[in-house]
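[1] Got a predicted structure plus its sequence, pasted below:
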Amino acid sequence: TGRGIGPTYEDKAGRRGIRVADLLDPDVLREKLAYAVPQKRAVVEDVYGLDLSSDDRAEAFDVDALHEEFKRIGERLDDEGMTVNCSDFLNRRHAAGDEILFEGAQGTHIDVDHGNYPFVTSSNPTAGGAAVGSGLGVTTVGDGEVVGIVKAYLSRVGSGPLPTELDGDAD
């Protein structure tokens, strides 16, 4: 879609992404920014050929300025109690008898591992992906029962072939 999820997942897999937990620890945040920002600057200059000498553009790659901005965000997240250990929280809710609903879209067709590669997303939008993304065990997700709602056709964001695709006249 050109909206950044691919590069975001690439940063995650490359271990250079900034996580919410990093925002809560100013020292770790500075270390991560000092590692990632020069790489991003090199991509912008060398791959995209942008001139970063203007003040507005240079500030976007200033580690000190970014550290201050994101440190304040981390402080707000912490002060307002907006962070939670997801797997711990969900496991406690499940143990208390709460039901947990996961939503997924597109399913296997665009799964990065099982979809019609290369026309896939960067994640695992299948029932099994719910365990990976939430931190719950695979036996917890659905207690062995997964309910899927399926439409009679497939649609997608982005491009690539679909089993329900019409090509040419529909005679």
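    All right, it came through fine. Because the structure is a prediction, the values reported are computed rather than measured.
[2] how about the helices in this protein?
    Secondary structure of the chain (DSSP state H): helices located at 5-13, 20-23, 26-42, 55-59, 63-79, 86-95, 127-134.
[3] If you average pLDDT over each of those, which is lowest?
    Lowest mean pLDDT within the helices of the chain: helix 55-59, a mean of 78.
[4] Run the chain-centre distance for that helix.
    Centre-to-centre, helix 55-59 and its host chain are 27 Å apart (Cα atoms, centre = their mean, to the nearest Å).
[5] now do stretch 23-42
    Worked out by Cα atoms, centre = their mean, stretch 23-42 lies 18 Å from the chain centre.
[6] Excluding its own residues, what touches it? List them.
    11, 16-18, 21-22, 52, 61, 63, 66-67, 70-71, 73-74, 77-78, 83 (Cβ atoms under 8 Å, 6 or more residues apart in numbering). Where C-beta positions appear, they are placed from N, C-alpha and C, glycine not excepted.
[7] how about it: buried residues?
    Leu23, Leu24, Leu29, Arg30, Lys32, Leu33, Ala36, Val37, Arg41 (16 or more other Cβ atoms under 10 Å).
[8] Show me the two of those residues that sit farthest apart.
    Pairwise distances among the buried residues of stretch 23-42 were taken by Cβ to Cβ; the largest, 25.1 Å, belongs to Leu24 and Arg41.
[9] ok, now how distant is Ser87 from Gly133?
    10 Å (Cβ to Cβ, to the nearest Å).
[10] Kindly report the same for Ala58.
    Taking Cβ to Cβ, one finds Ala58 at 36 Å from Gly133.
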